[in-house]
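sequence first, then the predicted structure:
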Amino acid sequence: MPALTLATLQAHLGGHILGDPARILRGAASLERAGPEQLSFVVGRKFLTQARASAAGALLVAEDLAAELEGDRLVLANPHAGFARALTLLHPPSLPAPGIHPAAVVSPQARIGAEVHIGPCAVVEAGAVIGRGCILGAHSYVGPEVQLGEDCLLHPRSTVLHGCRLGHRVILHPGCVIGGDGFGLAWEGDHWLKVPQVGRVILGDDVEVGANATIDRGALDDTVLEEGVKIDNLVQVAHNCHIGRQTAIAGCAGIAGSVKIGAHCQIAGAAMISGHLEIGDRVTISGGSLVAKDIPAAGVYTSVMPLMPYADWRRNAAHLRHLDDLARRIKALEKQPQSKE
Amino acid sequence: MPALTLATLQAHLGGHILGDPARILRGAASLERAGPEQLSFVVGRKFLTQARASAAGALLVAEDLAAELEGDRLVLANPHAGFARALTLLHPPSLPAPGIHPAAVVSPQARIGAEVHIGPCAVVEAGAVIGRGCILGAHSYVGPEVQLGEDCLLHPRSTVLHGCRLGHRVILHPGCVIGGDGFGLAWEGDHWLKVPQVGRVILGDDVEVGANATIDRGALDDTVLEEGVKIDNLVQVAHNCHIGRQTAIAGCAGIAGSVKIGAHCQIAGAAMISGHLEIGDRVTISGGSLVAKDIPAAGVYTSVMPLMPYADWRRNAAHLRHLDDLARRIKALEKQPQSKE
Amino acid sequence: MPALTLATLQAHLGGHILGDPARILRGAASLERAGPEQLSFVVGRKFLTQARASAAGALLVAEDLAAELEGDRLVLANPHAGFARALTLLHPPSLPAPGIHPAAVVSPQARIGAEVHIGPCAVVEAGAVIGRGCILGAHSYVGPEVQLGEDCLLHPRSTVLHGCRLGHRVILHPGCVIGGDGFGLAWEGDHWLKVPQVGRVILGDDVEVGANATIDRGALDDTVLEEGVKIDNLVQVAHNCHIGRQTAIAGCAGIAGSVKIGAHCQIAGAAMISGHLEIGDRVTISGGSLVAKDIPAAGVYTSVMPLMPYADWRRNAAHLRHLDDLARRIKALEKQPQSKE
């Protein structure tokens, strides 16, 4: 682990130092666990007490809270982003060296850029184009005619199927599947007929796809994730979806076919969006909510039952089957002539 | 991409042509994107406007709408199914040639049929039987004593564990797991004891299982998916389920243990069915719904909260914890003597 | 399949025999399917009728029900646990012999214990330590500096990423991903910045993780699953979660970041727990429920809409957007002066 002074950090992150610029840091940790050679950070007033009690060697903190703390501090406009950058300096990822492992299987008809690493048991099929600086982990699979931009990171066992296109710096986590067939079925009398899926998946620059997530290829046109879209683990994006730039979708969410999601949206965990809907820019969907209608306007939207002890739920939920009746009875009561005293 | 005339298409699909039988087609596309050498299709009156504006070279269309359109048309009883078949002609899948890749690992105790393709890093264990014409993609895994019918298509990285049986023309998408252990646990004083899972998974002819879906082996008896069952991505089918023919289950749905689902059902995305339930034939479950009781009768069933702006949800949802109280108060009001004017 | 007498079973499982100790058993099956050479078991009075009709050669049964049955019986305090143990005797798993397959890729800088099996196309990276008796299935991946205790069973295609630690007897099912990056993002003006995830995953002894489940590494500190935690298929456990001993989480459940779950909890299928919450010991969450608040007290908690025929749902659900209004109107009615007869 490299050792850095607070002054060196400042040289990378900007901001100004309160306290000792020569403070030496050898890592980063949470406020509770950080020791005197570790960096931590404070975002929000509610962490002030914890920050004061922390043994951290130095803190990244915003201007408005900096004065309320003591010790060595680097004052930044955006301490969370600063901490992300500091982590890369203090815990540099150990990336594998360029080169093709002898147990990788690379088609002679693939085009491999400079400084590419291909790990053991990775498979790269004919016609694939791998951009400069890409890392293809063990067991990763790059199908025929796939194109990867520069500096993509395919973690072990990530899969990109035929014809898909990835921009630069795309990160794929283990087990994700880019370009599986969409769920296209035509009913024919008494059985389903498979509808061939001939579109592709297009991932913009800086897209990240989580472990075991699945992004289906388009039926006819393409499934598109614009620049900077972030997809968490076990998310399903069905065929023909179009997801706008810098939208983030958290774990276990599901986006049905042909959904169009705007830019800068946040879809929380386990939320589900039904097919063929249009969601505008800057829409937030709460965790576990089901979206069954278009949402043109920015805002936060929710559709969950509140949690209750089971006995309460049982008592209350029974009425949900009779809400219409309850509403009718209220109306009837309102129509009764009022007594006049 | 092959070039076909509309007359050739008709020879394959039946129906009758309105317009020019010599119209040349080199691919298929959506109504919006199709050009003069591409085929498209119209299903439903709501797409008529789009169809009239389309630059598509020819359209597949049903009798009732054909007269309302111009240009070259092939009139079919089922244009959606026809389009599925046309796609196979216009965009023929590029399947790998038969043969075993030198980097595949095939047990000498496996029995491999004629015309089989086994890709790089695929593993076939002892006692496996691979039917004629099967394609085993890169990184696919076929465990000991597994039997595959003819013309199965295992996409890269699909996994079939020991002893499972697949019918003919089964399609497995990347990352799906056929025959993982069911979640069988016995409580023993202060800890869980694993209950060995000794059943198998039996997949009928023409079953399709989506990317990263999981179908668990039976605890004692088998988990069975009958002919033509279609399973989308990230679906969980737990141990001992029995799913009737031509039932389709969409993405992110979960079927708990020992559930029996009838034939011709449609389980929409993210729906969940609790354990040991019985669902009849031709039942449709809406997206995101939770089924906690048997459903003997055909029909559409739903259990979701409607989506609202978060502020509205907060105000309304609070009352859900007190519905029983509200109902009681309505009853009390109804019991009040009415004023007599 | 081995043949055992009921007396031999008793020697392993304890309890006492009613009937013939020499009864020969060659396997186990469900009550419906068991034949005269197969063992079955009865847990709960509701299975008595089925048990009486069963052709099973012998039954495991608890004291209170034993007298109500005939035939050969082994009476046990915990017949379910006994049956789990009997299954291991009657259907012994066929484990691969120790040894490293020639198509495995094992770093010379890895430390491999005695009696370890490593299957074809498995990859073990530098610095990994594999405990005595471990089985690493085909296509499994053990990253740099990973440590596995003794007798771990990694099914084909399971993945453990760099630096994670597994205790003894951990079972990983196909496709699960241990140690993927958490979904850590910092917003920086107009785009997301990835926050490096530098923690690990720590799995205690006897932890089991289902097929295609994902357990993310901690952002700074570790993600911890204590001894005996059981995770079903397609479950997501996000970064920094801490799950107490012998807690079981069923299929498709999702646990968001930094959630602390106590010991002996049961999280049913498709339940979702929002980030940064604390759940006490012995809490049960019903299937499909969303937890959005801390739950300090043991008990059963639920948050689902009851299922209805769609037409009923449509009629009833409309009022959910106006519950606050309904409640207000009830209040208004209650305030009306009552008529005095």
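Received the coordinates, thanks. Numbers count the residues shown, from 1 in each chain, chains lettered A, B, ... in the order given.

could you pull out the helices for chain A?
A:6-13, A:48-53, A:63-66, A:79-90, A:310-317, A:323-335 (DSSP state H).

the second one and chain C, any residue contact?
Pointing back at helix A:48-53 there. No - against chain C, helix A:48-53 shows no contacts by Cβ under 8 Å from any Cβ of the partner chain, the least distance being 13.5 Å. Heads up, the C-betas are built off the backbone N, CA and C, glycines and all.

show me what that helix is packed against.
Helix A:48-53 is packed against strand A:38-42, with contacts defined by 3 or more Cβ pairs under 8 Å, 6 or more residues apart in numbering or on different chains; DSSP states H and E.

re earlier: most packed of the helices of chain A?
The highest mean neighbour count among the helices of chain A, using mean count of other Cβ atoms under 10 Å in any protein chain shown, belongs to helix A:79-90: a mean of 22.

what are the structural domain limits within chain A?
Per automatic domain parsing, the structural domains of chain A span A:4-90, A:101-301.

looking at the ones you listed, which is buried most?
Mean neighbour count, computed with mean count of other Cβ under 10 Å, is highest for domain A:101-301 among these, reaching a mean of 23.

rounded mean pLDDT for that domain, please.
Per-region confidence: domain A:101-301 scores 98 on mean pLDDT.

which parts of the stretch 51-200 of chain A sit against chain B?
Proximity of the stretch 51-200 of chain A to chain B, by Cβ under 8 Å from any Cβ, involves residues A:105, A:121, A:123, A:125, A:139, A:141, A:143-144, A:157, A:159, A:161-162, A:175, A:177, A:180-181, A:183-188, A:190-196, A:198.

near chain C, which residues of the stretch 151-300 of chain A are found?
For the stretch 151-300 of chain A, the contact set with chain C under Cβ under 8 Å from any Cβ comprises A:155-157, A:171, A:173-175, A:206, A:208, A:210-212, A:228, A:230, A:232-234, A:246, A:248, A:250-252, A:269-270, A:287-288.

what about 6 Å?
Residues of the stretch 151-300 of chain A found near chain C (Cβ under 6 Å from any Cβ of the partner chain) are A:156-157, A:173-175, A:211-212, A:228, A:230, A:232-234, A:246, A:251-252, A:269-270, A:287-288.

rewinding a little: export the domains of chain A to JSON lines and tack on distance to residue C:134?
As requested, the domains of chain A are arranged in JSON lines below (distance: least, Cβ to Cβ, whole Å):
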{"stretch": "domain A:4-90", "distance to residue C:134": "31"}
{"stretch": "domain A:101-301", "distance to residue C:134": "18"}
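
okay, now stretch A:100-113: how far is its last residue from its first?
Counting by Cα to Cα, to the nearest Å, the length from the leading to the trailing residue of stretch A:100-113 is 11 Å.

ok, for residue A:119, nearest residue in space, not its chain neighbours?
The shortest distance from residue A:119 to any residue other than its chain neighbours is 4.0 Å, reached at residue A:138 (Cβ to Cβ, 6 or more residues apart in numbering or on different chains).

surely that neighbour and residue A:118 touch.
No - at 9.4 Å, residue A:138 does not count as touching residue A:118 under the criterion of Cβ atoms under 6 Å.

please report how far the closest residue to residue A:36 other than its chain neighbours lies from chain B.
Excluding the flanking residues, the one nearest residue A:36 by Cβ to Cβ, 6+ apart is residue A:57, at 4.8 Å. With the distance defined as Cβ to the nearest Cβ, to the nearest Å, residue A:57 ends up 40 Å from chain B.

residue A:57 touches residue A:40, doesn't it?
No - no contact is recorded between residue A:57 and residue A:40 when judged using Cβ under 6 Å, the distance being 8.4 Å.

hmm, back to that, want to throw the helices of chain A into TSV with mean pLDDT?
Conversion of those to TSV gives the following (pLDDT from 0 to 100):
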stretch	mean pLDDT
helix A:6-13	97
helix A:48-53	96
helix A:63-66	94
helix A:79-90	96
helix A:310-317	94
helix A:323-335	92
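
could you tell me how many residues sit around residue A:2?
The number of residues packed near residue A:2 is 11, by other Cβ atoms under 10 Å in any protein chain shown.

next up, phi/psi of residue A:167, please.
Note on residue A:167: backbone dihedrals following degrees, to the nearest 10 are phi -80, psi -160.

and the spatially closest residue to it that is not a sequence neighbour, how far is that from residue A:226?
Sequence neighbours aside, residue A:205 is the residue nearest to residue A:167 in space, at 3.8 Å (criterion: Cβ to Cβ, 6+ apart). Between residue A:205 and residue A:226 the distance is 9 Å, computed by Cβ to Cβ, to the nearest Å.

now residue A:200
For residue A:200, the distance to residue A:226 under the criterion Cβ to Cβ works out to 15 Å.

with residue A:77 instead?
Going from residue A:77 to residue A:226 by Cβ to Cβ gives 26 Å.

got the contact list for residue A:238?
Shown in contact with residue A:238 (Cβ atoms under 6 Å, 6 or more residues apart in numbering or on different chains): A:216, A:256, A:257.

got the contact list for the residue nearest to the second one when sequence neighbours are not counted?
Nearest in space to residue A:256, with sequence neighbours left out and distances taken as Cβ to Cβ, 6+ apart, is residue A:275 at 3.8 Å. Contacts of residue A:275 were listed using Cβ under 6 Å, 6+ apart, and they are A:256, A:257, A:258.

residue A:7 reaches residue A:21, doesn't it?
Yes - using Cβ under 6 Å as the test, residue A:7 is close enough to residue A:21 to be in contact (3.8 Å).

mind listing the shared neighbours of the two?
Counting by Cβ under 6 Å, 6+ apart, nothing touches both residue A:7 and residue A:21.

quick check, pLDDT for residue A:337.
Per-residue confidence for residue A:337 comes out at a pLDDT of 78.

how many other residues sit next to it?
10.
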